[in-house]
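*Asks:* structure, please.
(one chain, ligands or ions: 2)
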Amino acid sequence: MTINEFGWETFECFLEGMDRQLNFDPRTIGRVAQVQRDLFGVICEAGYLWCELTGKLRHEVENSVELPVVGDWVELSPPFTDAGGEWSALITGVLPRRSFLARGGHARGTQVLAANVDRVMVVMSANLDFKVNRLDRYMALAAAGNCDAALVLSKADLHPHMEELVSQVKARHPDLPVFVTSVVSQTGLKELAESLLPEKAYTFVGSSGVGKSSLVNFMMGREVLAVSGIREDDDKGRHTTTHREMVKLESGALLVDTPGLRAVGLVDEDEALEATFGQLHELGQRCKFRDCTHDTEPGCAVRAALESGELDPQTWESYDKLKREQAFELRKQDKAMAANHKKHWKTITQNWRVRKKHEGR
Ligand code: GDP
Ligand code: ZN
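*Replies:* Ligands and ions are numbered 1, 2, ... in the order given. You can find the predicted model right below:
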């Protein structure tokens with residue numbers, strides 16, 4: 001097993017571009033393929049090792065978003081044999097992320113689900129419920145983490161006019177790659193599989209029931225090559241589950257499949273919204289007032305564009321709705337944070353009272 005098969009070469013180029021000091025010893029570099037609480041399944045030249053963080057790293061990590069997640073590149077101590085005679089290593093550092101997928105996006109609310117994903121495969125079912133607005137959310141999510149995106153229109157067997165859906169999508173996102181698939185009529189599966197390139201990492205996201213598992217199972221079943229070196233009969237019972245979060249397909253493509261990712265939902269990052277709605281962002285900058293809400297302010301470029309037909313009212317509505325949802329999410333998170341502070345404070349005062357009581361005796 002070499003780390004190049006898991007995308008190290010491309011990643012090293014990225015680090016070079018960041019002007020990072022490049023004196024890595026390939027033997028002390030690994031990629032996180034699985035996380036089980038504070039144990040990390042790491043692919044490295046020595047094989048598949050279960051690693052812990054060094055105490056120093058654990059202390060240095062100030063925010064949970066800095067902890068290694070599936071897909072992260074990490075620096076390792078030289079591998080050693082642990083008390084049980086198994087090879088292991090310690091994670092001494094997490095390398096900068098080229099891309100990530102996160103839920104939340106707001107201060108402490110952010111949860112990073114996967115790192116260094118090359119392309120997010122957004123799965124949407126081609127049934128009557130298809131809404132192109134939903135796609136915008138997922139694209140925003142991908143853009144927020146600097147990931148490329150593609151659309152899989154699944155269950156094509158259920159829709160008689162797929163070309164209509166495709167043109168709806170293309171009208172809004174002309175550059176987005178679109179795959180039309182069905183596991184029932186076996187449509188488009190080969191094209192989809194062939195689009196997954198060696199050493200690149202992919203992940204499938206979308207609402208539940210759209211057919212993600214069916215697609216992933218197809219890819220795995222047909223050409224699965226488990227990450228070699230995983231011991232499935234560990235006597236410590238540590239990794240008796242054979243569930244792996246990053247696997248290499250026979251084609252050499254990497255599939256990242258964490259449970260959290262499959263259900264990933266709403267995005268609430270301004271930046272992300274703006275990446276998706278570039279046109280709106282540009283328009284907004286032409287408004288007379290910097291903080292224009294595009295409501296009744298004079299000199300509003302957005303309303304002018306809506307009136308002239310330059311701006312599609314549906315795009316605007318979709319954006320406006322997302323913005324409002326975002327504001328709602330932020331308020332909710334603020335409330336949760338405030339409640340947390342209160343709880344924390346309560347514990348502190350309680351401890352203090354207990355101490356006082358002891359001292360009083
Ligand atoms: P997930 O929740 O996104 O992982 O979706 P699943 O893969 O579990 O699929 C949900 C349901 O849709 C299951 O009943 C599948 O059998 C069905 N399904 C999946 N793919 C297709 C398809 O291409 N065509 C049709 N008609 N049904 C499908
Ligand atoms: Zn305006």
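*Asks:* and the closest residue to Gly299 other than its chain neighbours, what does it touch?
*Replies:* Closest residue in space to Gly299, ignoring its immediate chain neighbours: Lys288 at 2.8 Å, by Cβ to Cβ, 6 or more residues apart in numbering. Where you see a C-beta, it was placed from the backbone N, CA and C, and this is true even at glycine. For Lys288, the contact set (Cβ atoms under 8 Å, 6 or more residues apart in numbering) comprises 297-300.
*Asks:* look through the stretch 1-150 of the chain and state the residue closest to ligand 1.
*Replies:* Nearest residue of the stretch 1-150 of the chain to ligand 1: Val123, at 6.4 Å (Cβ to the nearest ligand atom).
*Asks:* next one: the residue nearest to that residue when sequence neighbours are not counted from Ser213, what distance?
*Replies:* Nearest residue to Val123 in three dimensions, chain neighbours excluded: Gly206, at 3.6 Å (Cβ to Cβ, 6+ apart). Taking Cβ to Cβ, to the nearest Å as the measure, Gly206 and Ser213 are separated by 11 Å.
*Asks:* count residues in the vicinity of Met220, would you?
*Replies:* 17 (other Cβ atoms under 10 Å).
*Asks:* contact partners of the host helix or strand of it?
*Replies:* Met220 belongs to helix 212-223 when assigned by DSSP states H and E. With contacts defined as Cβ under 8 Å, 6+ apart, helix 212-223 is touched by 123, 152, 154, 181, 183, 189, 192-193, 196, 204-206, 247, 249-251, 255, 257, 262.
*Asks:* check stretch 27-41 too.
*Replies:* Under Cβ under 8 Å, 6+ apart, the answer for stretch 27-41 is 3, 6-8, 42-46, 48-53, 68-79, 89, 91, 115, 227, 230, 238-239, 243-247.
*Asks:* just the buried subset of those, please.
*Replies:* 3, 6-8, 42-46, 48-51, 53, 68-76, 79, 89, 91, 115, 227, 230, 239, 244-247 (16 or more other Cβ atoms under 10 Å).
*Asks:* coming back round to it: just the buried ones from the contacts of helix 212-223?
*Replies:* By 16+ other Cβ under 10 Å, the contacts of helix 212-223 give 123, 152, 154, 181, 183, 189, 192-193, 196, 204-206, 247, 249, 255, 257, 262 as buried.
*Asks:* in strands, which of those residues appear?
*Replies:* 123, 152, 154, 204-205, 247, 249, 255 (DSSP state E).
*Asks:* out of those residues, which two sit at the greatest distance?
*Replies:* Ser154 and Val247 (20.5 Å; Cβ to Cβ).
*Asks:* quick check on Phe100: phi, psi?
*Replies:* phi -160, psi 160 (degrees, to the nearest 10).
*Asks:* give me the element Leu135 is part of.
*Replies:* Going by DSSP H and E, Leu135 is part of helix 132-144.
*Asks:* pull the CA atoms of that helix into PDB?
*Replies:* Below are the C-alpha coordinates for helix 132-144, written out as PDB (Å, rounded to 0.1, in the frame of the first residue of the first chain):
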ATOM      1  CA  VAL A 132     -34.000  22.400  -8.400                       C
ATOM      2  CA  ASN A 133     -33.800  24.700  -5.400                       C
ATOM      3  CA  ARG A 134     -32.800  21.800  -3.200                       C
ATOM      4  CA  LEU A 135     -29.800  21.300  -5.400                       C
ATOM      5  CA  ASP A 136     -28.700  24.900  -4.700                       C
ATOM      6  CA  ARG A 137     -28.300  24.000  -1.000                       C
ATOM      7  CA  TYR A 138     -26.100  21.100  -1.700                       C
ATOM      8  CA  MET A 139     -24.000  23.100  -4.200                       C
ATOM      9  CA  ALA A 140     -23.600  25.800  -1.600                       C
ATOM     10  CA  LEU A 141     -22.500  23.200   0.900                       C
ATOM     11  CA  ALA A 142     -19.900  21.900  -1.500                       C
ATOM     12  CA  ALA A 143     -18.700  25.400  -2.400                       C
ATOM     13  CA  ALA A 144     -18.400  26.400   1.200                       C
END
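*Asks:* what helices and strands are in contact with it?
*Replies:* Contacts defined by 3 or more Cβ pairs under 8 Å, 6 or more residues apart in numbering; DSSP states H and E place helix 132-144 against strand 100-103, strand 119-125, strand 148-154, helix 162-172, helix 270-276, helix 313-360.
*Asks:* send me the first one as CSV with only the CA atoms.
*Replies:* Which is strand 100-103. Taking C-alpha atoms only, strand 100-103 is exported to CSV below (Å, rounded to 0.1, in the frame of the first residue of the first chain):
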residue,chain,number,x,y,z
PHE,A,100,-14.0,19.9,3.6
LEU,A,101,-17.6,19.1,4.1
ALA,A,102,-19.2,20.6,7.2
ARG,A,103,-22.5,20.9,8.8
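*Asks:* can you pull the buried residues of the helix or strand following it?
*Replies:* Under the assignment DSSP H and E, the closest C-terminal helix or strand after strand 100-103 is strand 111-115. Buried residues in strand 111-115, counted by 16+ other Cβ under 10 Å: 112-115.
*Asks:* now the two most distant members of these.
*Replies:* Most distant of the buried residues of strand 111-115, by Cβ to Cβ, are Leu113 and Ala115, 8.7 Å apart.
*Asks:* and the helices and strands packed on helix 132-144, which one's lowest on average pLDDT?
*Replies:* Note on these: helix 270-276 shows the lowest mean pLDDT, a mean of 53.
*Asks:* which ones are touching the residue nearest the centre of the chain?
*Replies:* For the chain, the residue sitting closest to the mean C-alpha position, by Cα atoms, centre = their mean, is Leu101 at 2.0 Å. The neighbourhood of Leu101, defined by Cβ under 8 Å, 6+ apart, consists of 112-115, 117, 120, 141-142, 145, 147, 203, 205, 261, 264.
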